[in-house]
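Visitor: need a structure here:
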Amino acid sequence: MIDIGLVLSRLLHYAAVTTLAGASFFPLYAYAAAEPKELFRWRQAVLLSAAVAALLSGLLWFVFSVANMSGSLTDLADLEVVWAGARDTGFGVVWTARMLLAVIIVGVMATRFCSTATTSHDLITAFLVAVLLASLAGTGHSQIEEGWASVVHVASDAVHLLAAGAWLGGLVPLGFILLSYTMTEPEGGYLDVDAVLLRFSGMGYVAVATLIGSGLVNSWFLVGSISSLLKAPYGQILLGKLALFVAMLALAAANRFWLVPAMNETRTGSGGSATWSGRLRSHVLGEQFLGLMVLLSVSLLGTMRPAVGQ
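Guide: Got it, this is the predicted structure:
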């Protein structure tokens, strides 16, 4: 029960923070002009919802983490046990700082949501969310090293998280745009969907390269050898995560080099563009599902003993 609750609470938190990051980073690279008002209003609602979900799931994560350390959920009734979990463990110290930041982000998002201003390039929100996402590196296996090895591992993990947030989280607003702007004529301004797709692809190239590089560094610390990768349960689940990642890459490549060009070529033709648009939406939904499975594998790996040395 505790183990399942720990994995699920981690999954919810990772999904919420990733969505928060993707939605906050998206307007920084996706639009050449101002963000259409309809998209801005929708994105603000997503940001507020994701911020609240990140805060609540973070609290749930702490509950199951303390229960896992003490051995029982009933121990949570003892305030000394809860206080010791927050004060005397590395996870608890980082968790406390992150939850304070999450409260600040919820306040900022609520203010933005109630405001009538429409500032797309919100660097303050993007910075706060980036810190919240990158600080997840301080709650995992990157803490097992000491000295410079610890610094390198934490930095690599933080970069890995930011790249994942930009790509996986960015699929949420991208999917909404493809659904809204290819099926209806929305209010609030014209949007060049083709240009948005190209800019998202450009960001994706950088994110994927970063994920591969930082992933290799993290694997060096946590796996260590091919034998450990193949034989240890941690390594086997990591291989499953890599398979999901490759499947996402395949869908992304098909979008960039097949579906988008085909959609553009048929746009001025006899209505074939709608078919290609539908396939593109399906591929993006497929990427989102695979991304969720990646986050599930990450949540599970975070509760397991690393493969290195096994």
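
Visitor: what residues sit buried inside the top helix by length along the chain?
Guide: Using DSSP state H, we find that the single longest helix of the chain is helix 147-183. Buried residues in helix 147-183, defined by neighbour count with 16 or more other Cβ atoms under 10 Å: 152-154, 156-174, 176-178, 180-182. For every residue, glycine as well, the C-beta is placed using N, CA and C.

Visitor: stretch 131-143 now?
Guide: For stretch 131-143, by 16+ other Cβ under 10 Å, it's 132, 133, 134, 135, 136, 137, 138, 139, 140, 141, 142, 143.

Visitor: show me the two of those that sit farthest apart.
Guide: Spanning the widest gap among those are 132 and 141, at 19.3 Å by Cβ to Cβ.

Visitor: is it true that residue 30 touches residue 198?
Guide: No. Contact criterion Cβ atoms under 8 Å: residue 30 and residue 198 do not qualify, at 9.8 Å.

Visitor: quick one, phi/psi of residue 72?
Guide: Backbone geometry at residue 72, expressed as degrees, to the nearest 10, gives phi -160, psi 140.

Visitor: number of residues surrounding it?
Guide: Other residues within reach of residue 72, judged by other Cβ atoms under 10 Å, total 11.

Visitor: among the buried residues of stretch 131-143, which ones are in strands?
Guide: Judged by DSSP state E, these include no members of strands.

Visitor: with the residues you listed in mind, which one is nearest to residue 278?
Guide: Set against residue 278, the nearest of the buried residues of stretch 131-143 by Cβ to Cβ is residue 133 (32.2 Å).

Visitor: check contacts around that closest one.
Guide: Contacts for residue 133 were tallied using Cβ atoms under 8 Å, 6 or more residues apart in numbering; they are 17, 18, 20, 21, 161, 162, 165.

Visitor: go with 10 Å
Guide: By Cβ atoms under 10 Å, 6 or more residues apart in numbering, residue 133 lies in contact with 14, 17-18, 20-22, 24-25, 54, 98, 158, 161-162, 164-166, 169.

Visitor: got any ranges where the stretch 151-300 of the chain has weak pLDDT?
Guide: The model of the stretch 151-300 of the chain has pLDDT under 70 over residues 181-190, 266-274, 276.

Visitor: show me the helices in it, by range?
Guide: Secondary structure of the stretch 151-300 of the chain by DSSP state H, counting those that start in this stretch: the helices cover 193-222, 226-231, 233-254, 260-266, 273-301.

Visitor: correct me, but residue 129 touches residue 20?
Guide: Yes. Here residue 129 reaches residue 20: they are 5.2 Å apart, a contact under Cβ atoms under 10 Å.

Visitor: joint contacts of those two?
Guide: 47, 50, 51, 54, 102, 105, 109, 165, 169.

Visitor: give me the neighbour count for the third one.
Guide: This means residue 51. Neighbour tally, residue 51, other Cβ under 10 Å: 30.

Visitor: the strand or helix carrying it versus helix 147-183: what angle between them?
Guide: Secondary structure assignment for residue 51, by DSSP states H and E: helix 37-70. With axes from the mean of the first three to the mean of the last three Cα atoms, to 10 degrees applied, the angle from helix 37-70 to helix 147-183 works out at 140 degrees.

Visitor: and helix 37-70, what does it pack against?
Guide: Secondary-structure packing of helix 37-70 (3 or more Cβ pairs under 10 Å, 6 or more residues apart in numbering; DSSP states H and E): helix 2-30, helix 79-87, helix 90-114, helix 123-134, helix 147-183.

Visitor: confidence-wise, which of those helices is weakest overall?
Guide: When those are ranked by mean pLDDT, helix 79-87 comes last with a mean of 84.

Visitor: distance from stretch 133-150 to the middle of the chain?
Guide: 18 Å (Cα atoms, centre = their mean, to the nearest Å).

Visitor: ends of that stretch, how far apart?
Guide: Start-to-end span of stretch 133-150 (Cα to Cα, to the nearest Å) is 18 Å.

Visitor: what's residue 158 in contact with, if anything?
Guide: Applying Cβ under 10 Å, 6+ apart to residue 158 gives the contacts 130, 131, 133, 134, 135, 136, 137, 138, 142, 214.

Visitor: from residue 107, how far out is residue 247?
Guide: According to Cβ to Cβ, to the nearest Å, residue 247 and residue 107 sit 38 Å apart.

Visitor: so those two - more neighbours on which side?
Guide: Each of residue 247 and residue 107 has its neighbours counted (other Cβ under 10 Å); residue 247 has more, 16 against 11.

Visitor: which residue sits closest to residue 260, ignoring its sequence neighbours?
Guide: Nearest in space to residue 260, with sequence neighbours left out and distances taken as Cβ to Cβ, 6 or more residues apart in numbering, is residue 197 at 5.5 Å.

Visitor: now the contacts of residue 158 as TSV including distance to residue 232?
Guide: Formatted as TSV, the contacts of residue 158 follow (distance: Cβ to Cβ, whole Å):
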residue	distance to residue 232
130	32
131	33
133	28
134	27
135	28
136	23
137	22
138	24
142	18
214	21
